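In: Sequence and computational prediction follow.
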Amino acid sequence: LPPFTLPQVKALLVPTHIANPLFQEKGVTAPIHVLPQGVATGQVDPAKRREIRARFKSDDDIVVGFHAPSLTLAADGAKRARGDQDDLDFLFQAIERARLVEPRLKLWLFGNPSEALTTHVINERSGWVKLFGYVELADMLTYLSDLDIGVYPRTWSPPPGRFSVKIAQFMACGVPVVSTRLDEGLILQDACSGVLCQTLEEFAEALVVLARSPEKRSTLGLSARRYAKQKLEWSNLMPVR
């Protein structure tokens, strides 16, 4: 039997109600409770943030950021441990197009870069790309809070109803998000905190528009942080009793 059908399992926690029938079909009889993906909105170290800004960001930079456990390109082929989940071909094409119009755009990437990605950055002499490597989860929000724009460039379709921790973290930091139009990104519409894009051209255009409008970035960012504090903060989702 699957471990979650054993008699000692008294309850299951799932991130979305859509998972309920999937587990019930597998024979789960224990109560199933929905606990949405949350985030700790106060997990930013101000001193470390100032240090990061001083070391890596100039006053003219408009920094776009993304993070994942691994950062890959399609050229990595079968070597990708997570398949195409973390491929950044779409993101590179979009930001390269956007930089033709707005060269102040820079890209910060957090996670373990693949061989193909590292080679691409070196060969293209992409001085506008910063590979930070692996960042501890406890420090992630501190780094993300220095972004001007967060991106969610996924081109594969995850299971229905799934919500990405990446989007939650961007929102907790008050960072506006440009996302491909996937179920995971629909929360950006509810929160008025980002832009959903159907095509690569729309994605590039959204980056340019936000880069050139600090007012729009601020408006979206404030909405994002407000939503995160009210509906994604762990202390609200799982209050201490």
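Out: Done, it's in. As the structure is a prediction and not an experimental result, all values here were calculated from the model. Numbers count the residues shown, from 1 in each chain.

In: Okay, the residue lying closest to Ala11 once chain neighbours are set aside and Gln198: tell me how far apart.
Out: Excluding the flanking residues, the one nearest Ala11 by C-beta to C-beta, 6 or more residues apart in numbering is Pro31, at 4.9 Å. C-beta here means a position set from N, CA and C on the backbone, and glycine is covered the same way. To Gln198, Pro31 is 39 Å away according to C-beta to C-beta, to the nearest Å.

In: Asp146 too?
Out: Following C-beta to C-beta, the distance that separates Asp146 from Gln198 is 29 Å.

In: Could you pull up the contacting residues of Leu188?
Out: 167, 177, 179, 194-196 (C-beta atoms under 8 Å, 6 or more residues apart in numbering).

In: ok, so of those, who is nearest Ala211?
Out: Val195 (12.1 Å; C-beta to C-beta).

In: So in that sheet, which strands flank the strand or helix carrying the closest one, and in what orientation?
Out: Following DSSP states H and E, one finds Val195 within strand 194-197. Paired neighbours of strand 194-197 in the sheet (DSSP bridges): strand 177-180 (parallel).

In: and after the partner strand, which helix or strand comes next?
Out: helix 187-191.

In: Just the buried positions in that following helix, please.
Out: Going by neighbour count (16 or more other C-beta atoms under 10 Å), the buried part of helix 187-191 is 187-188, 191.

In: just stretch 77-88 next, same as before
Out: 80, 86-88.

In: Might you report the residue contacts of the residue nearest to the spatial centre of the chain?
Out: Nearest to the centroid of the C-alpha atoms of the chain, with distances taken as C-alpha atoms, centre = their mean, sits Lys166, at 2.8 Å. Contacts for Lys166 were tallied using C-beta under 8 Å, 6+ apart; they are 66-68, 150, 152.

In: Quick check: the two most widely separated of these?
Out: Ala68 and Gly150 (12.4 Å).
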